[in-house]
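Trainee: Next come a sequence and a model predicted from it.
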2 protein chains.
Amino acid sequence: MQLTETRLSESHRPTLDQALEAIRTRAYWSPHPEHPKGYGESAPADGLAAFEALKGTRFDLDQPGTDDWTGGEVSPYGPRLGIEYPHPDIDVLLPAMRAALPAWRDAGPELRALVCLEILSRISARTHEFAHTVMHTSGQAFMMAFQAGGPHAQDRGLEAVAYAYAEQTRTPAAADWSKPQGKRDPLELRKTFTTAGRGIALMIGCNTFPTWNGYPGLFASLATGNAVLVKPHPRAVLPLALTVRVAREVLAEAGFDPNLVALAVDRPGEGIAKTLALRPEIKVIDYTGSTEFGVWLETHAHQAQVHTEKAGVNTVIVDSTDDYRGMLSNLAFSLSLYSGQMCTTPQNLLIPRDGIDTDAGHKTYDAVVADLAAAVSGLLGDDARANALLGALVNPEVKSRLDGAPGLGEVALASREITHPDFPDAVVRTPVIVKLDGTKPDAEAAYLSECFGPVSFAVAVDSTADAIELLRRTIREKGAMTVGAYTTSAETERAIEEVCLDESAQLSLNLTGGVYVNQTAAFSDFHGSGGNPAANSALTDGAFVANRFRVIEIRRPA
Amino acid sequence: MQLTETRLSESHRPTLDQALEAIRTRAYWSPHPEHPKGYGESAPADGLAAFEALKGTRFDLDQPGTDDWTGGEVSPYGPRLGIEYPHPDIDVLLPAMRAALPAWRDAGPELRALVCLEILSRISARTHEFAHTVMHTSGQAFMMAFQAGGPHAQDRGLEAVAYAYAEQTRTPAAADWSKPQGKRDPLELRKTFTTAGRGIALMIGCNTFPTWNGYPGLFASLATGNAVLVKPHPRAVLPLALTVRVAREVLAEAGFDPNLVALAVDRPGEGIAKTLALRPEIKVIDYTGSTEFGVWLETHAHQAQVHTEKAGVNTVIVDSTDDYRGMLSNLAFSLSLYSGQMCTTPQNLLIPRDGIDTDAGHKTYDAVVADLAAAVSGLLGDDARANALLGALVNPEVKSRLDGAPGLGEVALASREITHPDFPDAVVRTPVIVKLDGTKPDAEAAYLSECFGPVSFAVAVDSTADAIELLRRTIREKGAMTVGAYTTSAETERAIEEVCLDESAQLSLNLTGGVYVNQTAAFSDFHGSGGNPAANSALTDGAFVANRFRVIEIRRPA
């Protein structure tokens, strides 16, 4: 059955309207069930079977210019995926993508948004399948792969579509203009305004959150009238390949050229992202990954609008609390989730060396660190629970940073090796907490670099005021995706807020319950600020979508 | 009397609301009278006297870090202005500007907008004075300096404020977030969202339209919470120095640090714009001028959001018309206004060599060119009228391009020297029209470069289809601020529209009355598209303002 505009509108216009309302109010909202049971009784088994059926196959997308097959994904849990993906001849693929643009432009903002929502809704229906693909490429535990890789990623995609639609419809499609001329006839013009995408957008995916970090750029670009070439991380191709397949299916059914969305997987060492990033056809780039390549993109891809999320150093200031237990358990969870392999995981815990005041009395620096270590140990004491929280280390570099961490200072909590009952080859580790003296230069070298993975530093500082100055310096020099703070002092709270406002960082205060500093909710929380070195854009605001398209005016006498 | 928020709101909130409505509907609107008589009986004499009183003075702004005085403006009409401006020690001035930022951020989007509207309204009250400053720096004739440098520039500034306000208020100042947790208590957070400017914005002014091209960036940056350092073109300092003075007065009266707006005039050959553009404090840059420096900014000032308007080659396709006289007189006016020294003036008139169909019968290429030449001659036949339309050549480079034009091809209309009765030293010239064969390579070298000034090329092409292809190539390779076309064929119209949509250029069709391709109206027309090499942003859309600020979220348990 053909996907007509009427059918798409019936299915998705109400959802689009709710999303538009949500980004205005920023109240809680999501159309995507967070619980695995929300997808029907057979969904878990069907999803697993669908994932298993993909293994060992050639993932054909029927793209123009496929000149080879490539791919070598190995699950962080052990198994080789054994999937081969099309390798593109970009001199064939890019022109084919460009040829698809005029009809996509002529579709207009609403139909483009509806098509995007249909893509998202088909992805949503296959959330269990996607969860396994995310788990076996990122190393996330199943439940996190399910939620972050499924509904939360879909939320972020939908949020981008809503912003794109809102931005494009700020200017009316047409206007009548009549300028009075005193006693003479007015000057009268009929004007039309057409939103046109900039061209082909390149989305460069990351290893740890292929869908969550990929969907905002992908859907923002597509909804604003661009074609999107998806270049996944070589270790996390499958979730995005599946996304591309769904998008191509929907586009074709809706009467558009499926080449509006295509996949580019390169051979080992080929470095196709660098080549693509400088091609004149590429007008928009979205990237999540290392600072090195992110800065390279920002300084070299002048022909494109470049959105980057890079490395950062996240800080939590521990000044005082009226819920010591709540603070410890909240922090323990934040440090443990996905073995600290989130761009939002706290790295530096700044704690006054004279200790802190709490509802359980004054606690020395040593006591706070020991109690936090105990909280982490308690949280992860049961292996089954630990496996469900930690997942596997995503790559050997994370493991070597973890192995090297004890050399940086006194170990307050040693990392523990955990066996996964289903996947004996998975490298599962609990986090390490290392004590550092914030005033020592060699310690500074450690805590002022991003140590991505399950490594946190309990940094002793002379005072909360010093902690606040160190926070300022850390954000300014190293960037931060998140900042957390615990304090019962209104004055301290205000001083920390000032630093975050000055240096452009997102702040979570006194989180002691079930919300964690490393999690942001689409439609309400901004992910990153775009104003410090960790990222040049935020997910998602007007700036994230506004420059992906242009408005072309045609005026003529009325 | 102190400018309280209440007073500012009473004075300006209705205007802001009207501006917000105008950018949504894009119907005609302006709060700034276009006619010199709209400013009161004594305004003309007062304005002239105020301008005369500025000549030969030291223009003190009471800025921190003034270490010298500099300035050497000479009116294109002859007289030296003899005004000295403060020369900045930027290591003193920039920190003083940064210190002003937190209070400006805390003011919030509405108060910032109201302060900007007060600045604009005081500038508006002095429009006659500003008109003389624009006339004697740009060389525009008085009436154009009055309108384009006064109300139209103020409109563009107000439009930028409206966009900035709308963009910043898309996110609420605060939100309550409550996420259901089944049978457990919901997760509840209180969130605040603060818009914070990126830092100091640098506005680099141009010679020809110091206020019109300068106000959008200046007011967009200021309204979004940035401080603005204004670096005028060395030949057009006065209009912007006066703007800075008014802005500083209003800021101080409203209780803000006047250093939120400051002036940077350099010594001859000092090149302070390059130094400033790379300073880490400069986070936003707006620039109008040469392609060379614009591209340099785009490729080097990575720490800043860079908005550029550069050179372009504007085309008019002449295919057919049902109002031959109207077309000729409309084009004649477009070529003559301000001696073609507008970034929007048509340069290449593409005319089929077999001629065109008109309501006055078929016209050969030669006839069209001759009739256009006659129309220009007729329009400028009277010296007083010519002086009122043409103004003076802004600099010697324009004159040498004009003098060199006859060497490029057959002259269809020679430039005529006109004496200005009040300013015998002014260099006033009528435009030249040169015939070129579009298929000849040496002709191509001429018409595919920007020849800024009163030089137009009547390019003979083999067919309208060829004209359309040449239009596509010209926009793609050289950029265009405007495209015009005359055709009675719906098919041709559609083909030209397609090219403009594909290549991102603003199109005016069949203008035969009192609207000209080189004029755009704030609140309704976009100036430039931001999608071709002539400019990387448009005046004004969401993208022009959205990345000048960031939204900082602070969340805490409810």
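Mentor: Structure received.
Trainee: CA only for contacts and neighbour counts going forward, please
Mentor: OK.
Trainee: Up against chain B, what does the stretch 101-250 of chain A have?
Mentor: A:102, A:167, A:170-172, A:175-179, A:187, A:194, A:196, A:198 (Cα under 8 Å from any Cα of the partner chain).
Trainee: show me what contacts residue A:503?
Mentor: Going by Cα atoms under 8 Å, 6 or more residues apart in numbering or on different chains, residue A:503 touches A:472, A:475-476, A:531-532.
Trainee: same check, this time on residue A:287
Mentor: Residues near residue A:287 by Cα under 8 Å, 6+ apart: A:203-206, A:294, A:306-309.
Trainee: top of those residues by neighbour count?
Mentor: Neighbour counts for those, by other Cα atoms under 10 Å in any protein chain shown, peak at residue A:203, which reaches 29 neighbours.
Trainee: now the helix or strand bottoming out on mean pLDDT in chain A, how far from the centre of its chain.
Mentor: Lowest mean confidence among the helices and strands of chain A (mean pLDDT, DSSP states H and E): helix A:441-447, at a mean of 93. Averaging C-alpha positions (Cα atoms, centre = their mean, to the nearest Å) puts helix A:441-447 29 Å from its chain's average.
Trainee: got a list of contacts for the helix or strand following that helix?
Mentor: Using DSSP states H and E, the next helix or strand after helix A:441-447 towards the C-terminus is strand A:455-461. Applying Cα under 8 Å, 6+ apart, the contact partners of strand A:455-461 are A:335, A:340, A:346-353, A:365, A:369, A:401-402, A:405, A:431-439, A:447, A:467.
Trainee: now do stretch A:371-379
Mentor: In contact with stretch A:371-379 (Cα under 8 Å, 6+ apart) are residues A:328-329, A:331-333, A:335-336, A:385-386, A:412-413, A:433.
Trainee: Looking at those residues, which is nearest residue B:556?
Mentor: Among the contacts of stretch A:371-379, residue A:331 lies closest to residue B:556 (Cα to Cα), at 14.8 Å.
Trainee: Pull the number of nearby residues for that closest one.
Mentor: Other residues near residue A:331 come to 25 when the count uses other Cα under 10 Å.
Trainee: which residues touch it?
Mentor: Contacts for residue A:331 (Cα under 8 Å, 6+ apart) come out as A:372, A:516.
Trainee: Skip ahead from the helix or strand it falls within and say which helix or strand is next.
Mentor: Taking DSSP H and E as the criterion, residue A:331 maps to helix A:324-336. Once helix A:324-336 ends, the next helix or strand along the chain (criterion: DSSP H and E) is strand A:348-352.
Trainee: now that following strand, how far from the centre of its chain.
Mentor: Relative to the centre of its chain, strand A:348-352 is centred 26 Å away, using Cα atoms, centre = their mean.
Trainee: With stretch A:66-74 instead?
Mentor: The answer for stretch A:66-74 is 25 Å, by Cα atoms, centre = their mean.
Trainee: Please state the mean pLDDT value computed over that stretch.
Mentor: The average pLDDT within stretch A:66-74 is 97.
Trainee: now stretch A:109-127
Mentor: Here the average pLDDT along stretch A:109-127 is 98.
Trainee: what sits up against that stretch?
Mentor: Counting by Cα under 8 Å, 6+ apart, residues outside stretch A:109-127 touching it are A:5, A:8-9, A:12-13, A:16, A:32, A:39, A:43, A:47, A:104, A:130, A:146, A:150-151, A:154, A:157-158, A:161-162, A:165, A:168-169, A:195, A:219, A:222-225, A:243, A:246-247, A:250-251, A:254.
Trainee: Right, I'll leave it there.
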